[in-house]
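K.L.:
Please work out how this folds:
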Amino acid sequence: MPRTTRLKTWIALLRGINVVGRRQLLMKDLSAILERGGFSSVRTYIQSGNVVFQSARGSARSLAAEIGALIRKRAGFEPQVMVLSPRELAAAVRGNPFPQADRDHKSLHLFFLSARPPRPDLDSLTRLKRGREGFALEGKVFYLFTPHGFPECELHDKVERFLGVHATARNWRTAQQLLSMSAPAAAPSAERHQKPA
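P.N.:
Numbering: from 1, shown residues only. Modelled structure (predicted):
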């Protein structure tokens, strides 16, 4: 009997697209790029570059490099791409130390890190905190709680600097939605285009 190749589900997070008119890439075009590249069951969520897809080949690192190269070839620029397994995303959601974010999904952002920070400067980040802001570093995920608003938080754009690794952030609702989309029971044919939350 011929051997069948098992498809695995992955989540790709793109950074730096559709920001203030720069690096424009419609999600339908992103889906087409990945489908032409041989990926299956491609689904997107909002316009900030969130993709759930299936592939029978590659690791998270190699898939991230392949997706970046495909976008560069078709769109003329190469965004930073991070690829997670559903298990990694589930662990990040399950490990949320700020349950109060359920009342306001915009108050919590998960920064997915390219690696475990070897020498994180948490003291510098602590000095930037204001009011009820909080953060926690758990492995390759940095949780940032900003009840007074993410843009007003002084440390949100200092995370990479003081952790020493690349990162891309998603709010609590987006993380939960991507986890739902990557579940085995999620409909593979339903591509999701929604307005940013």
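K.L.:
and residue 181, how many residues sit next to it?
P.N.:
Summarising burial for residue 181: neighbours were counted as other Cβ atoms under 10 Å, giving 22. Heads up, the C-betas are built off the backbone N, CA and C, glycines and all.
K.L.:
Just give the nearest non-adjacent residue to it, would you?
P.N.:
Take residue 181 and drop its neighbours on the chain: the residue closest to it by Cβ to Cβ, 6 or more residues apart in numbering is residue 52, 4.6 Å away.
K.L.:
hang on, the one you found packs against residue 43?
P.N.:
Yes. Shown here, residue 52 and residue 43 form a contact pair, counting by Cβ atoms under 8 Å, at 4.8 Å.
K.L.:
quick one: which of those two has more around it?
P.N.:
Each of residue 52 and residue 43 has its neighbours counted (other Cβ under 10 Å); residue 52 has more, 26 against 22.
K.L.:
The more buried one bridge partners, please.
P.N.:
Judged by DSSP bridges, the bridge partners of residue 52 are residue 11, residue 43.
K.L.:
contacting residues around it?
P.N.:
Applying Cβ atoms under 8 Å, 6 or more residues apart in numbering, we find residue 52 in contact with 9-12, 41-45, 178, 181-182, 186.
K.L.:
Would you check how far apart the residue nearest to residue 181 and residue 95 are?
P.N.:
20 Å (Cβ to Cβ, to the nearest Å).
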